[in-house]
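[1] sequence-free structure coming up:
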């Protein structure tokens, strides 16, 4: 009887631990979807995919610096991602070919980050977790950073929504309305850096842009208004996160790529739906 009670207690504790980490993983995925959905709409509207890629690749350099100086990974990632975004914005006004500039910066930052990690002494680093995400290892403190960053992005976009939308659709109209388009670009730059910082734990540096672009692209066809597209992008991102997590647990596939794969399948499904008139 005593042995049976001990076995039952161990099984109960095991189930509780399983439920706990699954709950954290699901909440992390939902937090990223909440932030990436509306921001991804602006990335799609403004054709900022390369800009987002350069910022997200810089996250690996942020990870290396954070580990080297023993600071929080989220802080290091946010600072470097923001610096990269500001650098790209500054270079945009110097007449350089932006696709070439972004390609150089994106891959240089990724390379320097990977090289920097190799110089760290006495620190075990699972690069796969930072490149492709490790949502199943999200801790409670990670959840706090993810949801704090997601809510900050959402509040920032809600506050500047009208101005951002006007400057995105028609810069001349924005200038005529007294809107500082440079300031609105800076708002998007800050929001993008925040999303990169909160999403690296979930989908990794190489797949962050996919979570920005694919849900927004999937939501574009059926949506009749920009606000509707933003809401639908959040829904697609949330379904992708939960569906990818289920697929990862069911078929023993990597979680981050599974989330993006589900998102891509939803996008493919949206293509067969009638487009808005």
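    Thanks, I have the structure now. Computed from a prediction, not measured in an experiment: that's the story for all the values here. Residues are numbered from 1 along each chain as shown.
[2] low pLDDT regions in the stretch 1-150 of the chain?
    Filtered on pLDDT under 70, the stretch 1-150 of the chain yields the residue ranges 1-19, 92-98, 122-124.
[3] could you pull out the helices for it?
    Ranges of helices in the stretch 1-150 of the chain, per DSSP state H, counting those that start in this stretch, are 2-45, 49-68, 73-92, 98-118, 127-132, 140-159.
[4] Mind putting those into JSON lines with mean neighbour count and distance to residue 272?
    Every residue, glycine included, has its C-beta placed from N, CA and C. What follows is those, written out as JSON lines (neighbours: other C-beta atoms under 10 Å; distance: least, C-beta to C-beta, whole Å):
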{"stretch": "helix 2-45", "mean neighbour count": "17", "distance to residue 272": "20"}
{"stretch": "helix 49-68", "mean neighbour count": "24", "distance to residue 272": "24"}
{"stretch": "helix 73-92", "mean neighbour count": "20", "distance to residue 272": "36"}
{"stretch": "helix 98-118", "mean neighbour count": "16", "distance to residue 272": "31"}
{"stretch": "helix 127-132", "mean neighbour count": "18", "distance to residue 272": "29"}
{"stretch": "helix 140-159", "mean neighbour count": "17", "distance to residue 272": "30"}
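[5] Residue 84 and residue 255: what is the separation?
    From residue 84 across to residue 255, the span is 26 Å (C-beta to C-beta, to the nearest Å).
[6] Please apply the same query to residue 231.
    25 Å.
[7] next one: residue 197
    Computed as C-beta to C-beta, the residue 197 to residue 255 distance reads 19 Å.
[8] So between these two, which is more surrounded?
    More crowded of residue 197 and residue 255, by other C-beta atoms under 10 Å: residue 197, with 27 against 24.
[9] That one: what's it in contact with?
    Contacts for residue 197 (C-beta atoms under 8 Å, 6 or more residues apart in numbering) come out as 59, 62, 74, 77, 78, 81, 145, 149.
[10] so how far is residue 41 from it?
    For residue 197, the distance to residue 41 (C-beta to C-beta) stands at 20 Å.
[11] Residue 75 too?
    Distance, residue 75 to residue 41, by C-beta to C-beta: 27 Å.
[12] Residue 64 now?
    Separation of residue 64 from residue 41 (C-beta to C-beta): 31 Å.
[13] Residue 142 contacts residue 27, doesn't it?
    No - using C-beta atoms under 8 Å, residue 142 is not in contact with residue 27, being 10.0 Å away.
[14] which neighbours do the two share?
    Counting by C-beta under 8 Å, 6+ apart, nothing touches both residue 142 and residue 27.
[15] contacting residues around stretch 220-227?
    Residues from elsewhere that reach stretch 220-227 (C-beta under 8 Å, 6+ apart): 41, 44, 165, 229, 232, 270, 271, 273, 275, 276.
[16] Verify the contact between residue 49 and residue 210 for me.
    No - Residue 49 sits out of contact with residue 210 when judged by C-beta under 8 Å, with a separation of 9.7 Å.
[17] Leaving aside the residues adjacent along the chain, what's closest to residue 120?
    Leaving out its chain neighbours, the residue that sits closest to residue 120 by C-beta to C-beta, 6 or more residues apart in numbering is residue 67, at 5.7 Å.
[18] mind listing what the one you found touches?
    By C-beta under 8 Å, 6+ apart, the neighbours of residue 67 are 73, 76, 117, 120, 123, 125.
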